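Student: mind folding the following:
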Amino acid sequence: MRGSSGSVANVQGIGALPEPRFSRKLGHLSDEKLRAVREALRFAMEL
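Tutor: From the prediction side, this is the model:
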């Protein structure tokens, strides 16, 4: 999924990250894009 700033969400290579990696916010997703990411995660995790 490609964002408006050229960023990409890749849900095929899901892994755990330590909490310090989330120390700063890089941007935000619209509600529509966040729903698409959640849907892709559910699909990738077979939920």
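Student: in the protein, where is pLDDT below threshold?
Tutor: Along the chain, the model assigns pLDDT under 70 to residues 1-6.
Student: what segments of the chain are helices?
Tutor: 31-44 (DSSP state H).
Student: quick check, central residue of it?
Tutor: Nearest to the geometric centre of the chain sits residue 9, at 4.8 Å (Cα atoms, centre = their mean).
Student: quick check: that one touching residue 38?
Tutor: No - Residue 9 is beyond contact range of residue 38, at 10.4 Å (criterion: Cβ atoms under 8 Å). Glycine gets a C-beta too; all of them are placed from N, C-alpha and C.
Student: kindly provide the distance from the residue in the chain sticking out farthest from the centre to residue 36.
Tutor: Farthest-out residue of the chain from its mean C-alpha position, per Cα atoms, centre = their mean: residue 20, at 17.1 Å. Residue 20 sits 27 Å away from residue 36, going by Cβ to Cβ, to the nearest Å.
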